[in-house]
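>>> using only what follows, build the 3D model:
(one chain, ligands or ions: 2)
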Amino acid sequence: MPDYNLHQHSLFSDGKAETLDYVEKAIRLGFSLLGFSEHSPLPFNTSFSLKKERVQDYINEIDVLKHRFADKLEIFRSLEMDYIPALSEDFSYWADRCKTDYLIGSVHLVSSGTGSPLWFIDGPSPDIYDEGLIDFFGGDIKKALKAYFHQTNQMIETQRFDIIGHFDKIKMHNAGRYFVDEDLWYRKLIDETLELVKSKNLIVEINTRGLYKNRSPKLFPDDYALQRVKEMEIPIVISSDAHHPDELNGLFGFSVSYLKQIGFSKMMKYSNSQWDETNLS
Ligand SMILES: [Zn+2]
Ligand SMILES: [Zn+2]
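Ligands and ions are numbered 1, 2, ... in the order given. Down below sits the predicted model:
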């Protein structure tokens, strides 16, 4: 099972514990690496993102931990960047100000047009997903998914980052109601995005959070999307997207054996300022 997790949130964004709690837990688990990836600051108020005023505290606190635990654990400071066209700053803006080691790029808030309200695709309740689908896309699921994947594609084409976070999370609140994995139009959207992922040499995150939180019966990504990641030989990393130290290695053991069954044998590891391939085990 991987001895590292590169996607987690502390109290600096919407996590439920201090950074030190994660470090102590990681050491107890025998981890070698640990990366904090707070939600990037956004130009409007949210309940989940790192506040601009706290950026310097985030830098200082992670620096202290890096030094204090240098002989036990390699600790990284990252951000889970939210991409919203015409709204979010260029990824490099917050990467520079937060002095990040690597970046995760994710879409949680989908724009239906310039200046329009945002569709929150993975909020706490499916009601928000359903209401947004009706209010912003007239209930047209194809239109809504095209907007989600188009925004994802725009992020890949215009921003610089390392890992694409939970890229089929749009399926979570769908829960098989509006579209299914077998729909050819859905598969085409997956294919288009993965072509771009491949062309930019991005790493696809295998995100276990939906599954261990019982919010999704599947990993992000899974099914056709995961099969295509394998066939296209796109590099992967397993992440728990932990919001509490107890979630640090959530379903890592399961994920390794599941991915091996599908035919994966390698995963990516970040250490000493670079990405390297390591055996999936
Ligand atoms: Zn996310
Ligand atoms: Zn996250």
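
>>> can you pull the contacts of the residue in the stretch 51-200 of the chain that ligand 2 sits nearest to?
Ligand 2 sits closest to E80 of the stretch 51-200 of the chain, with a gap of 4.7 Å, by C-beta to the ion. Just so you know, the C-beta spots here come from the backbone N, C-alpha and C atoms, and that holds for glycine as well. The contact partners of E80, taken as C-beta atoms under 8 Å, 6 or more residues apart in numbering, are H7, H9, S13, S37, E38, H39, S40, I104, S106, G165.

>>> okay, those in TSV with pLDDT, secondary structure and distance to ligand 2 next?
Converted to TSV, those look like this (pLDDT from 0 to 100; DSSP: H, G, I helix; E, B strand; the rest coil; distance: C-beta to the ion, whole Å):
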residue	pLDDT	secondary structure	distance to ligand 2
H7	98	coil	6
H9	98	coil	6
S13	98	coil	8
S37	98	strand	6
E38	98	strand	9
H39	98	strand	7
S40	98	coil	11
I104	98	strand	7
S106	98	strand	7
G165	98	coil	6
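
>>> follow-up on the earlier one: given the helix or strand hosting the residue of the stretch 51-200 of the chain closest to ligand 2, what are its sheet partners and their directions?
For E80, the host element (DSSP states H and E) is strand 74-82. According to DSSP bridges, strand 74-82 has the following sheet partners: strand 33-39 (parallel), strand 103-106 (parallel).

>>> which is the succeeding secondary structure element to that strand?
Per DSSP H and E, the first helix or strand lying C-terminal to strand 74-82 is helix 91-98.

>>> let's have the contacts of E80 in a markdown table, adding neighbour count.
Shown next, in a markdown table, are the contacts of E80 (neighbours: other C-beta atoms under 10 Å):
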| residue | neighbour count |
| --- | --- |
| H7 | 24 |
| H9 | 24 |
| S13 | 24 |
| S37 | 30 |
| E38 | 29 |
| H39 | 22 |
| S40 | 27 |
| I104 | 27 |
| S106 | 26 |
| G165 | 23 |
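
>>> show me the contact partners of stretch 51-59.
With contact meaning C-beta under 8 Å, 6+ apart, stretch 51-59 is reached by F12, E38, P41, L50, R77, W94, R97, C98, K99.

>>> how deep is the third one tucked in, by neighbour count?
Neighbour count of P41, defined by other C-beta atoms under 10 Å: 24.

>>> hmm, L50 and it touching each other?
Yes. Assessed by C-beta atoms under 8 Å, P41 is found in contact with L50 at 5.2 Å.

>>> spell out for me the PyMOL command that would select the buried members of the contacts of stretch 51-59.
A single PyMOL command selects the buried members of the contacts of stretch 51-59 (16 or more other C-beta atoms under 10 Å):
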select buried, resi 12+38+41+50+77+94+97+98
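
>>> and the residue positioned nearest the centre of the chain, how far is that from I141?
Of all residues in the chain, the one closest to the mean position by C-alpha atoms, centre = their mean is G165, 2.6 Å from it. Distance of G165 to I141, given as C-beta to C-beta, to the nearest Å: 22 Å.

>>> need the contact list for the closest residue to G139 other than its chain neighbours.
Once flanking residues are discounted, G139 sits nearest to L133: 5.9 Å by C-beta to C-beta, 6 or more residues apart in numbering. Contacts for L133 (C-beta under 8 Å, 6+ apart) come out as W119, G139, I141, A144, Y178.

>>> export those residues as JSON lines, with columns for pLDDT and secondary structure.
As requested, the contacts of L133 are exported to JSON lines (pLDDT from 0 to 100; DSSP: H, G, I helix; E, B strand; the rest coil):
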{"residue": "W119", "pLDDT": "95", "secondary structure": "strand"}
{"residue": "G139", "pLDDT": "96", "secondary structure": "coil"}
{"residue": "I141", "pLDDT": "97", "secondary structure": "helix"}
{"residue": "A144", "pLDDT": "97", "secondary structure": "helix"}
{"residue": "Y178", "pLDDT": "97", "secondary structure": "coil"}
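
>>> mark which of these are buried, thanks.
Buried residues within these, counting neighbours by 16+ other C-beta under 10 Å: W119, I141, A144, Y178.

>>> confirm for me that the second one is in contact with F179.
Okay, so that is I141. Yes. At 5.6 Å, I141 and F179 qualify as touching, with contact defined as C-beta under 8 Å.

>>> mutual contacts of those two, please.
Counting by C-beta under 8 Å, 6+ apart, no residue touches both I141 and F179.
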